[in-house]
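Chemist: following is a predicted model, sequence given first.
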Amino acid sequence: MYQILIAIHSLMRWFVLASLLFAIVQAYKGWFCNKPFVKFDDAVRHITATILHVQLMIGLWLYGISPVIDYFLHHFKEAVHQREIRFFGMEHSFMMLLGIAVITIGSVKAKRKTIDQEKFKTMAIWFTVGLLIILSSIPWSFSPLVSRPWFRPF
């Protein structure tokens, strides 16, 4: 089960990134081009947040069954000095929660705005900040912190 969830979580990151990038581009275009905030834009906001929450649920499930996290939690004094274990036990988990929280707040704030330009502006700013937080904590294949392949096989 663990290997399947890792593969799904790895695959889902691409949906997260694609939906976030699309939503951010739409938000900046709407904001700077003074476009009306239509149902499509609201659907993009909602679907992006939903994809992130699905990824969060998979990540939390992984956190509960991961042998790396189990070691981290039961051997904290040693594990905190091991880069890869600390990354997944603390850094990745905290930063992803923070990034998703920022995007969720932005989504809710944008939904509650009454002026179209304010909706776009709120989405653009909050989603961009959330994306930057998320990008900083993905275990990229080129990362000096912790490296993972672009795609994990099932």
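Modeler: Nice, thanks for sending it over. Numbering: from 1, shown residues only.

Chemist: report the separation between residue 52 and residue 137.
Modeler: 14 Å (CB to CB, to the nearest Å). Just so you know, the C-beta spots here come from the backbone N, C-alpha and C atoms, and that holds for glycine as well.

Chemist: pick out whichever of the two has more residues nearby.
Modeler: Per other CB atoms under 10 Å, whichever of residue 52 and residue 137 has more neighbours is residue 52, with 25 against 20.

Chemist: I'd say the more buried one and residue 100 touch.
Modeler: Yes: counting by CB atoms under 8 Å, residue 52 touches residue 100, with 5.1 Å between them.

Chemist: packing partners for the worst-scoring helix or strand of the chain on mean pLDDT?
Modeler: Least confident element among the helices and strands of the chain, by mean pLDDT, DSSP states H and E: helix 83-86 (a mean of 88). Contacts defined by 3 or more CB pairs under 8 Å, 6 or more residues apart in numbering; DSSP states H and E place helix 83-86 against helix 67-74.

Chemist: next, the buried residues of whichever helix or strand comes after the helix it packs on.
Modeler: Using DSSP states H and E, the helix or strand that directly follows helix 67-74 along the chain is helix 76-79. Neighbour-count burial for helix 76-79 flags residue 79 (criterion: 16 or more other CB atoms under 10 Å).
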